[in-house]
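>>> Kindly generate the corresponding structure for this input.
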Amino acid sequence: MKIAPSILSADFSRLGQEVREVESAGADAHHVDVMDGRFVPNITIGPLVVKALAQVVKLPLEVHLMIVEPERHVEAFVKAGADLVYVHEEVCVHLHGLLSRIRELGCRPAVSINPSTPAPALSEVLHLVDRVLVMTVNPGFGGQSFIPEAVPKIAWLAQEAEKRELSFEIEVDGGVGPATVAQVAAAGAHQVVAGSAVYGAKDRARAIRAIRAACEAVS
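Okay, here's the model as predicted:
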């Protein structure tokens, strides 16, 4: 199981040091939550912060656009240094075209769905993406409780990938920690986003090991 700590839970007064610490602790990527106050109630960061992070991190930067009209901003985030960009199915009128555009820009395209969105809504674009992000909380704020009803969507995506011989990965975001990660691992997830479970821990290396150990129990 790969782990991508979300910088949403980091101490922004020392963000560069924070991301370097989780890299040393054994993380696999950095998850960057971009919110606009419209698609979700919270407001976070823009391309300037991604550009600053790109100058100090060694691991991939996955940028999760929780914004309306993502087609207006994907190029700026790619130029800032994003390695993978998530756009939400719920706000993309021309999702097929936008995912293709992200690939044309030289970035890895990915798509995300909210807890209330059925996984089959992505059926026509699964062949275009490198990863699918299943939200197991309602997006907008860190520290929320895991929504178990979203787990069957992970299993459906894993089965669809096998049936259609597709190579996309499945990532899970929201309320993931040692107590919940076994469910998503058993369903077929490849990577999880962990915010407060990692950044909120005094010993971040131990927190990452605990998440992986919980997955190994079901492997």
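>>> make it CA atoms for all contacts and neighbour counts henceforth
Fine.
>>> How far does the helix or strand hosting Ala186 sit from its chain's centre?
Taking DSSP states H and E as the criterion, Ala186 maps to helix 181-187. Distance of helix 181-187 from the chain centroid (Cα atoms, centre = their mean, to the nearest Å) equals 16 Å.
>>> I'd like the mean pLDDT over that helix, please.
Helix 181-187 carries an average pLDDT of 95.
>>> For the most far-flung residue of the chain relative to its centre, report the pLDDT, please.
In the chain, counting by Cα atoms, centre = their mean, Lys163 sits farthest out from the average C-alpha position, at 23.9 Å. Looking at Lys163, its pLDDT is 97.
>>> before we move on, the earlier item: centre of the chain to the following helix or strand past the helix holding Ala186, how far?
Next helix or strand after helix 181-187 toward the C-terminus (DSSP H and E): strand 191-194. Distance, stretch centre to chain centre, for strand 191-194: 7 Å (Cα atoms, centre = their mean).
>>> Parallel or antiparallel, list what pairs with strand 191-194.
Take DSSP bridges as the rule and strand 191-194 pairs in its sheet with strand 2-5 (parallel), strand 169-173 (parallel).
>>> can you redo the ones you listed as JSON lines with mean pLDDT, mean neighbour count and distance to Ser13?
JSON lines is the format used below for those (pLDDT from 0 to 100; neighbours: other Cα atoms under 10 Å; distance: least, Cα to Cα, whole Å):
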{"stretch": "strand 2-5", "mean pLDDT": "97", "mean neighbour count": "24", "distance to Ser13": "17"}
{"stretch": "strand 169-173", "mean pLDDT": "97", "mean neighbour count": "24", "distance to Ser13": "24"}
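>>> So which bits of stretch 209-217 are buried?
Neighbour-count burial for stretch 209-217 flags 209-215 (criterion: 16 or more other Cα atoms under 10 Å).
>>> With just CA atoms, put that stretch into PDB.
Extracted in PDB, the C-alpha atoms of stretch 209-217 (Å, rounded to 0.1, in the frame of the first residue of the first chain):
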ATOM      1  CA  ARG A 209       4.300   1.900   9.400                       C
ATOM      2  CA  ALA A 210       1.100   1.300  11.300                       C
ATOM      3  CA  ILE A 211      -1.000   2.000   8.200                       C
ATOM      4  CA  ARG A 212       1.000  -0.400   6.100                       C
ATOM      5  CA  ALA A 213       1.000  -3.100   8.900                       C
ATOM      6  CA  ALA A 214      -2.800  -2.900   9.000                       C
ATOM      7  CA  CYS A 215      -2.900  -3.600   5.200                       C
ATOM      8  CA  GLU A 216      -0.500  -6.500   5.500                       C
ATOM      9  CA  ALA A 217      -2.900  -8.200   7.900                       C
END
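>>> Residues contacting that stretch, please?
Applying Cα atoms under 8 Å, 6 or more residues apart in numbering, the contact partners of stretch 209-217 are 1, 177-179, 181-182, 185-186.
>>> Stretch 111-124 too?
With Cα under 8 Å, 6+ apart, stretch 111-124 has contacts from 85-90, 129, 131-139, 147, 149-150, 153, 156-157.
>>> Render the CA-only coordinates of the helix holding Ala186 in PDB, please.
Coordinates of each C-alpha in helix 181-187 appear next as PDB, following Å, rounded to 0.1, in the frame of the first residue of the first chain:
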ATOM      1  CA  VAL A 181      -7.300   1.100   5.800                       C
ATOM      2  CA  ALA A 182      -7.700  -2.700   5.900                       C
ATOM      3  CA  GLN A 183     -11.200  -2.300   4.400                       C
ATOM      4  CA  VAL A 184      -9.900  -0.300   1.400                       C
ATOM      5  CA  ALA A 185      -6.900  -2.600   1.000                       C
ATOM      6  CA  ALA A 186      -9.200  -5.700   0.900                       C
ATOM      7  CA  ALA A 187     -11.400  -4.000  -1.700                       C
END
